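A.B. asks: Sequence plus predicted model, see below.
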Amino acid sequence: MMIGQQTIDDGQRSTVDGQEVSTVVGGQSSVVKFFAHLFSIVFHPLFIPLYMVFFMIYVHPSYFSGFSTQTKFWFPLSVAITTIFFPLFSVLLLKALGFISSFFLKTQKDRIIPYIVCGIFFFWMYQVCKNYPIKLAPIIPSFMLGVFFASSAALMANIYFKISMHAIGMGGLLGVFILIMRSNTMLMTWPLCLAILITGIVCTSRLIISDHSQKEIYLGLLVGLLCQFAAAVVVL
């Protein structure tokens, strides 16, 4: 379109009568897409278990009270290695060997092996929490079992459609916050409100920058919630 003798194209900036016009790419401004990508990275589902552990250690008043500083360092480190490093390394290895076409797992076919691999590591982390030398609060192994249930449910759902992994992760976060609230061990008003806000931002971000449908987002949230509740029935 010609305005003020300047052409406005997707992915470019232009001027209208000497004034700069913000870029619009695919119907969304580049600034919106930047923040959508940022939130998608910061709240990637692989990071949620580590965030939850940090919350339990440094925000919740009792789950890790009395634990040594050494335990508070090594336990989240083991969570990070098992639930983040090993899965990411596995995906990189799968990409290098040609088993998946994209590191970003854009197709249902690409997600099959990573779901299985992640499920193995999540179940391993559940066993670590369950048999930890120092007895942990039951909500911790329950949460890890819920993460394993969610990855297994995602693998099954992947047969039929590409369910949103980000939505599953945020649904799991909401689910465990609701369980903590019901345990009456901490006033959860502000953490739950913050989790709901972040969930809305992350799910909106996925609608903006991914090819997920609203159905895949909503079902992901539901799967994450139900898997945490199912794990609580088993463990708590």
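C.D. replies: Arrived safely, thanks for sending.

A.B. asks: pretty sure residue 94 contacts residue 112?
C.D. replies: No: Residue 94 is beyond contact range of residue 112, at 10.3 Å (criterion: Cβ atoms under 8 Å). From N, CA and C alone the C-beta is placed, and that goes for glycine too.

A.B. asks: Quick check: the gap between residue 223 and residue 86.
C.D. replies: To residue 86, residue 223 is 23 Å away according to Cβ to Cβ, to the nearest Å.

A.B. asks: So between these two, which is more surrounded?
C.D. replies: Just comparing residue 223 and residue 86: by other Cβ atoms under 10 Å the higher neighbour count belongs to residue 223, 23 against 18.

A.B. asks: Check what pLDDT that one gets.
C.D. replies: We note a pLDDT of 97 for residue 223 in this prediction.

A.B. asks: With residue 104 instead?
C.D. replies: 87.

A.B. asks: I'd guess it is in a helix, am I close?
C.D. replies: No: counting by DSSP: H, G, I helix; E, B strand; the rest coil, residue 104 is located in no helix; its state is coil.

A.B. asks: Can you report phi and psi for it?
C.D. replies: phi -90, psi 0 (degrees, to the nearest 10).

A.B. asks: for it, what are its contacts?
C.D. replies: Contact criterion Cβ atoms under 8 Å, 6 or more residues apart in numbering gives no residues in contact with residue 104.

A.B. asks: Local confidence estimate at the residue nearest to residue 203 when sequence neighbours are not counted?
C.D. replies: Spatial nearest neighbour of residue 203, chain neighbours left out: residue 217 (5.1 Å); criterion: Cβ to Cβ, 6 or more residues apart in numbering. Looking at residue 217, its pLDDT reads 96.

A.B. asks: Likewise for residue 29?
C.D. replies: Value for residue 29, per-residue pLDDT: 83.

A.B. asks: who's it bridged to?
C.D. replies: Judged by DSSP bridges, the bridge partners of residue 29 are residue 24.

A.B. asks: Beyond the helix or strand hosting residue 154, next helix or strand please.
C.D. replies: Here residue 154 sits within helix 139-157, counting by DSSP states H and E. Next along the chain after helix 139-157, taking DSSP H and E as the criterion, comes helix 165-183.

A.B. asks: That's all I had, so thanks and see you.
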